[in-house]
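**Student:** Provide a 3D model corresponding to the input given below.
(chains A and B)
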Amino acid sequence: MKSLLRPLLAATLALALASGAFAAAASSKLIVAFLPKSKGNAYFISCKAGAEKAAKELGVELLFDGPTDSNAAKQNEIVENWITLGVDVIAVAAENREGISTALRKAQKQGIKVVTYDADAMPDARSFFVNQATPEGIGQALMDEAARLLNGEGEFSMIVATLTAANQREWQKHIEARLKEKYPKMKLVAVRPCDDLKDKAQSEATAMMSANPNLKLIMAICSPGVPGAAEAVKQAGKTGQVKVIGLGLPNENKRYVHEGVTDTVILWNTGDLGYLTIYAGVALAKGELKPGAKSFKAGSLGTFAIQGDNILLGKPFAFNKGNIDQFNF
Amino acid sequence: MSRHFRELSVVGALAVVLIAMALFAPAFFQPQPLLSLATREAPTLVVACGMAVVIICRQIDISVGSMFSVVSVCAGLLAARGWPLLLVLPVAAALGAALGALNGLLVAGLRLPSIVVTLATMVALRQGLNLVRQGEFVNMPDAVQWFGLPQATGQWLLVGSALALLVGLGLALRHLAAGRFVYAVGTEAEAARLAGIRPQRVTFAVFVFIGALTGLAAMMNIVQSPQVQPLSGMGLELKVIAAVVVGGVAISGGRGNLWGAFAGLLLLACVAPALTHLRIEAYWEKAIQGAIILLAVVADGVRQRKQN
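**Tutor:** Numbering: from 1, shown residues only, chains lettered A, B, ... in the order given. Below is the predicted model of the structure:
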């Protein structure tokens, strides 16, 4: 009796362990696996909130797992596990573009649909990339917001991360193109790097203000630059007189937005990014979304344009005094 | 005069920069921005004092930037939990000293080269911090900024403390026995040993010393704004080593003083704001700083050849 009990117990245990996959095989519910760069990061947790909403609306099961730090090797490991588990869709924010692609190609071979979001993998390793913001979209949104705040007139300056970083150059190019095209009465008087350091951004902003007495606005296009510039403006007693906008995260800027130092923080709506990603993945799995499609409808968010194999989240989102407290990342 | 030629040449270069600014961009000399910029450099000065002592002792510590970040975040978290700053301050210094003691133990105890040891702790501390914080800022209560004092008072307090520390340490290094021990060990450890100094103890002590100063500096930094960026202090090691070397402290040990390091720091710190005022493209900033460092190193090399 005893000898019979043991294998029975082991079998029950194994069954319990495999129940995730088992339940999936048994029910017709699609399983969508959602991989962030790092699962403790508030940014991705806010993406996950949108993903959960979409999963609930679509009646699919959502798996959320990722490295505790931004670890490319660990991402591969998780994808391998999901392949073994037999999920239907994998959505990935790639830490390492090439690194993750091998595992994703393998998933595709097994019939798993793959989409990427936030950071793309190699194009042949996924069907679609849910692109949160094009450089053009970001550049135009920042420049338009600066012009709106200054009524299209006056001097402004920029703080960048470094003068050579590819994304920074790209954004800067689109900002300057928009400036030239639409706002002839605005003048960019200085561009200074802050090496991604808030403290250096503060020193740079301080010098910018004293060197340019007519400066009306500082635009920071790297996230630590926004609170750095804001602190400089505050210390100079120029709140309201020199406005601050930039590309950044709500939590780093809330206090300055509420104090009226920083007017607008531009980013994308991370919840919407997660939501759209899940809708795209599920539509792929159901065969409703096919390569070559020109647009795509995602639940309550409406229709999104598709450029090539990029589903565009669309216009960047502006965080300001009225809405910034609704976001926590 | 000739004994201090090296330090005086840095002061001379600084004077040239300031005169050029007075002529071409007098807006540089506005009290509020200058005080703000000086306040931002106050923590750097404190770390530079420590670095000068370490280099005079013929060692180097490239982990200061990472130590600075770790202490900043820990102190910020304590302040965010409502700890009184007067209590956070000694904790920050002690934490810095403890991290420095780790470097000191490895360098003095195991006789490992300091550049390798501190490279290892630099990377380990930085990555550890990234792992724990994921880059997330520490938000502190408003009362932390300027110790709850009015802004100008807080700024003067920080600048004043950094200068007082500079003068105190500069004099101590020159006149106290402990200070002379550092020069002796840095000049020739074996000779120092024969003279009854224990070189390994002195070496251990200078690492604890720079650690404590780095902890203090981190504290002087977090009270300047209501948030701590975990990346703060990144690159600090290069900044202070450059200042110290430009200021005439010989990288081969045994020579130099804090006054020179102070002048070197001021000279290098002037470059970025001066370029902004002169409307010269930021690309030049690092090139000019590099040229200043190169010039200083070449000057030292030439002098040493003459001496031999």
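**Student:** and the helix-or-strand element of chain B with minimal mean pLDDT with chain A, contact?
**Tutor:** Lowest on mean pLDDT, DSSP states H and E among the helices and strands of chain B sits helix B:283-307, with a mean of 89. Yes. Contact of helix B:283-307 with chain A (C-beta under 8 Å from any C-beta of the partner chain) involves B:283, B:285. The C-beta positions use only the backbone N, C-alpha and C, and glycine is treated the same way.
**Student:** got a list of contacts for that helix?
**Tutor:** Contact with helix B:283-307 is made by A:163, A:193, B:6, B:9-10, B:13, B:242, B:245-248, B:250-252, B:264, B:267-268, B:271-272, B:275, as judged by C-beta atoms under 8 Å, 6 or more residues apart in numbering or on different chains.
**Student:** how about 10 Å then?
**Tutor:** For helix B:283-307, the surrounding residues in contact (C-beta atoms under 10 Å, 6 or more residues apart in numbering or on different chains) are A:163-164, A:192-193, A:195, B:5-6, B:9-10, B:13, B:238-239, B:241-252, B:255-256, B:260, B:264, B:267-269, B:271-272, B:274-276, B:278, B:280.
**Student:** Determine the set of other helices and strands touching the host helix or strand of residue B:14.
**Tutor:** Element membership of residue B:14, judged by DSSP states H and E, is helix B:5-24. With contacts taken as 3 or more C-beta pairs under 10 Å, 6 or more residues apart in numbering or on different chains; DSSP states H and E, helix B:5-24 sits against helix B:236-246, helix B:258-278, helix B:283-307.
**Student:** that older thread, derive a ChimeraX selection command for the buried subset of the contacts of helix B:283-307.
**Tutor:** The following ChimeraX line selects those of the contacts of helix B:283-307 that are buried, judged by 16 or more other C-beta atoms under 10 Å in any protein chain shown:
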select /A:163,192,193,195 /B:6,9,10,13,239,241,242,243,244,245,246,247,248,249,250,255,256,260,264,267,268,269,271,272,274,275,276
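**Student:** how many neighbours does residue A:165 have?
**Tutor:** Neighbour count of residue A:165, defined by other C-beta atoms under 10 Å in any protein chain shown: 16.
**Student:** so how far is residue A:222 from it?
**Tutor:** Distance of residue A:165 to residue A:222, given as C-beta to C-beta, to the nearest Å: 8 Å.
**Student:** Chain neighbours aside, what residue packs nearest to residue 249?
**Tutor:** With no chain named, the answer covers chain A. Leaving aside its chain neighbours, residue A:249 sits nearest to residue A:223 (5.5 Å; criterion: C-beta to C-beta, 6 or more residues apart in numbering or on different chains).
**Student:** Chain B was what I was after
**Tutor:** Sequence neighbours aside, residue B:256 is the residue nearest to residue B:249 in space, at 2.9 Å (criterion: C-beta to C-beta, 6+ apart).
**Student:** Surely that neighbour touches residue B:187?
**Tutor:** No. Using C-beta atoms under 10 Å as the test, residue B:256 is too far from residue B:187 to be in contact (11.4 Å).
**Student:** so what sits against both of these two?
**Tutor:** Counting by C-beta under 10 Å, 6+ apart, the shared contacts of residue B:256 and residue B:187 are B:56, B:250.
**Student:** Now find how far off-centre the least confident helix or strand of chain B is within its chain.
**Tutor:** 19 Å (C-alpha atoms, centre = their mean, to the nearest Å).
**Student:** At the contact with chain B, which residues of the stretch 51-200 of chain A appear?
**Tutor:** Within the stretch 51-200 of chain A, the positions near chain B by C-beta under 10 Å from any C-beta of the partner chain are A:68-71, A:157, A:160, A:162-164, A:189-200.
**Student:** Could you pick out the residues of the stretch 51-200 of chain B near chain A for me?
**Tutor:** B:72, B:127, B:130-137, B:139-140, B:142, B:145-146, B:151-152, B:155.
**Student:** okay, which residue is most central for chain A?
**Tutor:** Nearest residue to the geometric centre of chain A (C-alpha atoms, centre = their mean): residue A:118, 4.6 Å.
**Student:** doesn't residue A:46 make contact with that one?
**Tutor:** No. Here residue A:118 does not reach residue A:46: they are 11.4 Å apart, not a contact under C-beta under 10 Å.
**Student:** okay, and the common contacts of those two?
**Tutor:** A:270, A:273-274.
**Student:** Chain B: which of those is nearest?
**Tutor:** residue A:270 (14.7 Å; C-beta to the nearest C-beta).
**Student:** Nearest residue to that closest one in space, ignoring adjacent ones along the chain?
**Tutor:** Nearest residue to residue A:270, sequence neighbours excluded (C-beta to C-beta, 6+ apart): residue A:46, at 4.2 Å.
**Student:** Sticking with residue 171, tell me its helix or strand.
**Tutor:** You didn't pick a chain, so chain A it is. Here residue A:171 is assigned to helix A:166-182, by DSSP H and E.
**Student:** you looked at the wrong chain, it should be chain B
**Tutor:** helix B:151-175.
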